[in-house]
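Student: No sequence on hand, only this structure:
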Ligand SMILES: CC(=O)[C@@H](O)[C@H](O)COP(=O)(O)O
Ligand SMILES: NCC(=O)COP(=O)(O)O
């Protein structure tokens, strides 16, 4: 069964729109999303705290009962937060501080030493580690050498090309997934997944364990309601 981890960045975006406003209550939203059936909560505390703040991560740790997945570029501050909070999973992404959103996977060859050291440190804190990876099977061997537990397939290209040719869009993900499983890596996926493209990815990508979805899910919830939307997304994973 592929697990759904709901990324609540955009709930924090709405909250922050009024400064230190308390609504929507991020912690209550996380509790409810778990109650509605999500198997994880994902957050991406960016250096500018445009949505998820570092204190949100500290507070979420004490209330999340499924799995807390904390994503981010492993800056010293980010690694220190992970040392303090010790989330169940840390997902490393190579985002620049001013990136509007995640826009690439790791250069696992060029950053091999850095990733190996960072993965080892985070695993020493008891965290499962996943690294963000472009859908290219030739990257898998170097990704495995970092010691990471999992890779997260960056699904922006899949989502972009899905409407045009879904079979062609998913093929690099199938190929990379097969290589990852053969290398003994766990397999996650995320970015721009939605109610239109999720089911096909889930059917076509072998070994997929978890998807993390935020932007489209929160947008859909504005029309369909949060409980209904979480369950609609889970239904795509059956
Ligand atoms: C790594 C990933 O694909 C998501 O965490 C994405 O970066 C969401 O970040 P924003 O919500 O800031 O777009
Ligand atoms: N790792 C992907 C994630 O957490 C959410 O990405 P998106 O659904 O907001 O594009």
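Tutor: Received, thanks. No experiment lies behind these values; they were computed from the predicted model shown. Residues are numbered from 1 along each chain as shown. Ligands and ions are numbered 1, 2, ... in the order given.
Student: contacts, neighbours, all on C-alpha from now
Tutor: Will do.
Student: now the helices for the chain?
Tutor: Using DSSP state H, the helices assigned to the chain run over residues 9-16, 26-35, 54-61, 76-85, 112-124, 140-145, 156-161, 166-182, 198-204, 215-224, 226-235.
Student: and this protein, which of its residues are near ligand 2?
Tutor: Applying CA under 6 Å from any ligand atom, we find that the chain lies next to ligand 2 at 7, 42, 190-193, 212-216.
Student: Give me the buried subset of these.
Tutor: The neighbour count (16 or more other CA atoms under 10 Å) marks 7, 42, 190-193, 212-215 as buried among the residues of the chain next to ligand 2.
Student: Can you tell me which of those is closest to ligand 1?
Tutor: Nearest to ligand 1 among these: residue 191, at 4.2 Å, using CA to the nearest ligand atom.
Student: Quick check: that closest one touching residue 156?
Tutor: Yes: counting by CA atoms under 8 Å, residue 191 touches residue 156, with 5.5 Å between them.
Student: Which members of the residues of the chain next to ligand 2 additionally contact ligand 1?
Tutor: Applying CA under 6 Å from any ligand atom to these, one finds that 190-191 fall near ligand 1.
Student: Mind putting the residues of the chain next to ligand 2 into a markdown table with pLDDT and distance to residue 115?
Tutor: Below are the residues of the chain next to ligand 2 laid out as a markdown table (pLDDT from 0 to 100; distance: CA to CA, whole Å):
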| residue | pLDDT | distance to residue 115 |
| --- | --- | --- |
| 7 | 99 | 24 |
| 42 | 99 | 21 |
| 190 | 98 | 20 |
| 191 | 98 | 21 |
| 192 | 98 | 25 |
| 193 | 99 | 26 |
| 212 | 99 | 22 |
| 213 | 99 | 24 |
| 214 | 98 | 26 |
| 215 | 98 | 27 |
| 216 | 98 | 30 |
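Student: re earlier: can you list the helices of the chain in a markdown table and add distance to residue 92?
Tutor: Output for the helices of the chain, formatted as a markdown table (distance: least, CA to CA, whole Å):
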| stretch | distance to residue 92 |
| --- | --- |
| helix 9-16 | 16 |
| helix 26-35 | 22 |
| helix 54-61 | 16 |
| helix 76-85 | 10 |
| helix 112-124 | 9 |
| helix 140-145 | 12 |
| helix 156-161 | 16 |
| helix 166-182 | 17 |
| helix 198-204 | 22 |
| helix 215-224 | 19 |
| helix 226-235 | 24 |
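Student: Tell me the residues of the protein that contact ligand 1?
Tutor: Counting by CA under 6 Å from any ligand atom, the chain sits next to ligand 1 at 9, 44, 101-102, 190-191.
Student: From residue 45, how far off is the most centrally placed residue in the chain?
Tutor: Closest residue to the average C-alpha location of the chain: residue 212 at 4.4 Å, with CA atoms, centre = their mean. Residue 212 sits 15 Å away from residue 45, taking CA to CA, to the nearest Å as the criterion.
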